[in-house]
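Engineer: sequence and predicted structure, then a few things I'm wondering about:
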2 protein chains.
Amino acid sequence: MPLISRRGKDAYTSPIRHLGPYAEEAKRNGKKVYHLNIGNPDIQTPAAALAKVREAATVEKIVPYSPSKGFTSYRKKLVGYYKRFGADLSYEDIIVTNGASEGILFSMFSCLDAGDEVIIPEPFYAIYNAFSYVSGVKLVAITSYIETGYALPDPSEFERYITPRTKALFICNPNNPTGCVYSEKELRQLGDIVKKHDLFLFVDEVYREFSYEEDFFSVLKLKDIQDHVVVIDSISKRFSACGARVGALVSKNRGILESVNKYAEFRLSPPHFGQILAEATLDVDASYIENVKEEYIRRRDYLIDRLDKMEDVICKKPKGAFYFLAKLPIDNSVKFCKWLLTDFDFKGKTVMLAPASGFYATPGLGTQEVRLAYVLKIEDLKIAMDCLEVAIKSYPGRMPIQQNEDSQQAFAY
Amino acid sequence: MPLISRRGKDAYTSPIRHLGPYAEEAKRNGKKVYHLNIGNPDIQTPAAALAKVREAATVEKIVPYSPSKGFTSYRKKLVGYYKRFGADLSYEDIIVTNGASEGILFSMFSCLDAGDEVIIPEPFYAIYNAFSYVSGVKLVAITSYIETGYALPDPSEFERYITPRTKALFICNPNNPTGCVYSEKELRQLGDIVKKHDLFLFVDEVYREFSYEEDFFSVLKLKDIQDHVVVIDSISKRFSACGARVGALVSKNRGILESVNKYAEFRLSPPHFGQILAEATLDVDASYIENVKEEYIRRRDYLIDRLDKMEDVICKKPKGAFYFLAKLPIDNSVKFCKWLLTDFDFKGKTVMLAPASGFYATPGLGTQEVRLAYVLKIEDLKIAMDCLEVAIKSYPGRMPIQQNEDSQQAFAY
């Protein structure tokens, strides 16, 4: 039998999805699993958008390729959407992608060669690791800490990490997994750095709509650095349409767009029905998002309240997205999350969490942290928290919360 | 402004799609363009399958991620489908992909490291070049010739090209762009080679249903080499659903499946509605495919007949898929195909073809060849052929058909 490749064997494993088989096994054994491990919301997709899919499947007789860059009509409508966030775009600055995932991959391929370095605050969305692996790009992480609410490291910190191989800074705003929302001031500071050092600035803005304490400030608003900026977007989260697989890559840099277009042509086109849904979401009444936001705020507040009442659990209230990290009195978050599925149940139920170690590039970090996604209704979150409360007490690998040594330094800045 | 990457700048350009902007321009100028350049059929998608999409968009309230490997229900049903072609599979041998494109990319990543070599008969589907570029894999081409109907080179030819870096053979059966269908005997011979030299055998079978002269023989039937085999599949062509973006990767090699699964997890999931459509196609009456086949046979016969009557045009009747190559009395197929869009029209109409040079790895080949896809109804093909007939006569770069020097040797085998 021929041997598979080294990059096949060593490929990055998703810490969010690789516990999936244990969850499947638990379900087969009759256990009810509450999924706080993945951002797959139970919020309803806008009915009016689903109606457009229904209509298309009624009227259309063929399901053809779309242009590689996506429906032109959709791209044109997106211009108006981004304008609401202060962006001055032409439809040609927008390429429709298979979810944000593909947008990230195409950004890396188009802007970075193997061996190039990207500076990113950690913890970060685990799957960025996968794309850096595939593209041979090195993610250089600047650690942020739970004790400071994972505040963006001081811009001077970013500069300290710049080497001749550095080609980009990369942030997720609002942040998955920390729930941080970065301010206009912070974005301007990052903008100054990318200008000064001639770097790209990748910003994953898929949670743009979910800023709970203040108005969201999009990097697209910073006119003077648009040649440096690539924004990654997706309808998955804001319209609870993860399965549509429709995202977008936005840039005003012609070179990037030309390259991304070539990569887009390889995979022929984004999905037809997903694009129909996506285009229809742009006509959805603003009250939809307002209601969803209110619901997420209720869920967030409920979870934070429950965790605050648990002994030896640390977490801070997140300001955006629908995730946050909690620090638990456990030996190892991967073991703990697996144990929740294989060994634990409370009245026939359990909760699935994402071990945070996968969200760090620095080995050894995140071993006591887990990511929670508040994507289920409060009734379900209640049961999930009941499970977690009992689980923490009965987990055999219980151990005291460890203080991050470096976080003391972080406080000193 | 920061510079984009080398691999962004040098990325492979699709010879099928990169003339797109000229076609758009022609249309804006009021010219009607007949697209024989791309396999985007005008055949109707099965109505019963579209009805399932309609139903899903009515009943379902959320569009969630599917499992990374695809709907389990769909994978289970596919087992029965492949059984019709003599395959003995479990649903775990099947991973749903975003079209065949992604299946090819994941196969390359999982089986091959950068620098590894894959032997492939040329001309081949141009986009394989793109995936080899992205993955750093070298495609080593064995030339086949129009004079012999692009017959599969003798298996001894494949062995001549094997080096210590060779990891796989790669064929497309039925073949895009040549329309060849390979025989059981040929597949067994390739099977013997991959066994003897411990190589992988990638077979792109997306045109499986379209074998017009004889029963199609799937490589999945060769029990003794299944550890070596990766089959790439897609519903795009057989159900005229290119925009669904649903393919599959099939293998019995556990190592490959584990690796492909990791890559599949990166991009989270295949599209929701596409999978609903795909699953529904498995219940479509067999008469659908029979009717489509008959229609393609009529179209093929019409095109071949028209081309046979044109002076200085060489082509052979293809046995499968819905493409073939024709050799024309032109100086350069890229220039000719562009000229058809920019400078030529016949009664306000023109035809778009794919220049075949992009289907060869060997520089200089295919300069007089174009690929035609018989994906339009005969009424449209008629106009397209009227255009081509006039165009060949009036093209300023007209020059005599060149005999392939090597093809003389090919005849001698």
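Structural biologist: Good, I have the coordinates. Residues are numbered from 1 along each chain as shown, chains lettered A, B, ... in the order given.

Engineer: list the contacts of stretch A:35-46.
Structural biologist: A:16-17, A:19, A:23, A:176, A:236-237, A:239-242, A:277, A:280-281, A:284, A:288, A:292, A:295, A:322-323, A:337, A:351-354, A:371-377, A:380-381, A:384, B:61-65 (CB atoms under 8 Å, 6 or more residues apart in numbering or on different chains). C-beta: built from backbone N, CA, C; applies to glycine.

Engineer: if we go to 6 Å?
Structural biologist: A:16, A:239-242, A:281, A:284, A:288, A:292, A:351-354, A:372-373, A:375-377, A:384, B:61-65 (CB atoms under 6 Å, 6 or more residues apart in numbering or on different chains).

Engineer: in strands, which of the residues you listed fall?
Structural biologist: A:Val351, A:Met352, A:Ala354, A:Leu372, A:Ala373 (DSSP state E).

Engineer: now the end-to-end length of stretch A:362-372.
Structural biologist: Terminal residues of stretch A:362-372 are spaced 21 Å apart (CA to CA, to the nearest Å).

Engineer: buried stuff in it?
Structural biologist: By neighbour count with 16 or more other CB atoms under 10 Å in any protein chain shown, stretch A:362-372 contains the buried residues A:Leu365, A:Gly366, A:Thr367, A:Gln368, A:Glu369, A:Val370, A:Arg371, A:Leu372.

Engineer: ok, the second one to A:Ile146 distance?
Structural biologist: Noted for A:Gly366: a distance of 10 Å to A:Ile146, by CB to CB, to the nearest Å.

Engineer: how about the last one?
Structural biologist: Relative to A:Ile146, A:Leu372 is positioned 13 Å away (criterion: CB to CB).

Engineer: now do the third one
Structural biologist: For A:Thr367, the distance to A:Ile146 (CB to CB) stands at 12 Å.

Engineer: just give the number of residues close to A:Lys196.
Structural biologist: A:Lys196: 10 surrounding residues under other CB atoms under 10 Å in any protein chain shown.

Engineer: hmm, whichever strand or helix holds it touching chain B?
Structural biologist: Following DSSP states H and E, one finds A:Lys196 within helix A:184-197. No. Judged by CB under 6 Å from any CB of the partner chain, helix A:184-197 and chain B are separated, with a smallest distance of 7.8 Å.

Engineer: which elements pack onto that helix?
Structural biologist: Judged by 3 or more CB pairs under 6 Å, 6 or more residues apart in numbering or on different chains; DSSP states H and E, helix A:184-197 is in contact with helix A:155-160.

Engineer: list the buried residues of the helix it packs on.
Structural biologist: Buried-residue list, helix A:155-160, by 16+ other CB under 10 Å: A:Pro155, A:Glu157, A:Phe158.

Engineer: may I ask which helix or strand encompasses A:Leu307?
Structural biologist: Counting by DSSP H and E, the element that carries A:Leu307 is helix A:286-308.

Engineer: only C-alpha atoms, please: export whichever helix or strand comes after that helix in PDB.
Structural biologist: Toward the C-terminus, helix A:286-308 is succeeded by strand A:323-327 as the next helix or strand (DSSP H and E). Provided in PDB are the C-alpha atoms of strand A:323-327 (Å, rounded to 0.1, in the frame of the first residue of the first chain):
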ATOM      1  CA  TYR A 323     -18.000  33.200  22.200                       C
ATOM      2  CA  PHE A 324     -15.800  33.600  25.200                       C
ATOM      3  CA  LEU A 325     -13.200  31.600  27.100                       C
ATOM      4  CA  ALA A 326     -13.500  30.400  30.600                       C
ATOM      5  CA  LYS A 327     -10.700  29.200  32.800                       C
END
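
Engineer: so how far is strand A:323-327 off the chain centroid?
Structural biologist: With CA atoms, centre = their mean, to the nearest Å as the basis, strand A:323-327 stands 14 Å off its chain's centre.

Engineer: quick one, that strand and helix A:286-308 angle?
Structural biologist: 0 degrees (axes from the mean of the first three to the mean of the last three CA atoms, to 10 degrees).

Engineer: contacts for stretch A:174-191?
Structural biologist: Contacts of stretch A:174-191 (CB under 6 Å, 6+ apart): A:123, A:125, A:150, A:152, A:155, A:169, A:173, A:207, A:210-211, A:217, A:219, A:222, A:225, A:318-321, A:323-325, A:359, A:371.

Engineer: wait, what's in contact with A:Pro64?
Structural biologist: Residues near A:Pro64 by CB under 6 Å, 6+ apart: B:Asn40, B:Cys242, B:Gly243.

Engineer: redo that, cut-off 8 Å
Structural biologist: A:Pro64 neighbours (CB under 8 Å, 6+ apart): A:His272, B:Asn40, B:Cys242, B:Gly243.

Engineer: distance check, the last one against A:Leu89.
Structural biologist: Spelled out, it's B:Gly243. Applying CB to CB to B:Gly243 and A:Leu89 gives a distance of 25 Å.

Engineer: which of these two has more neighbours?
Structural biologist: B:Gly243 (28 against 20).

Engineer: got the phi and psi for whichever residue of the stretch 1-150 of chain A sits closest to chain B?
Structural biologist: The nearest approach of the stretch 1-150 of chain A to chain B comes at A:Gly8, 3.4 Å away (CB to the nearest CB). Main-chain torsions, A:Gly8, degrees, to the nearest 10: phi -80, psi -40.

Engineer: per-residue pLDDT, it?
Structural biologist: Model confidence at A:Gly8, given as pLDDT, is 91.

Engineer: name all residues that make contact with it.
Structural biologist: A:Gly8 sits next to B:Phe109, B:Ser110, B:Cys111, B:Gly255, B:Ile256, B:Ser259, B:Val260, B:Lys262 when contact means CB under 8 Å, 6+ apart.
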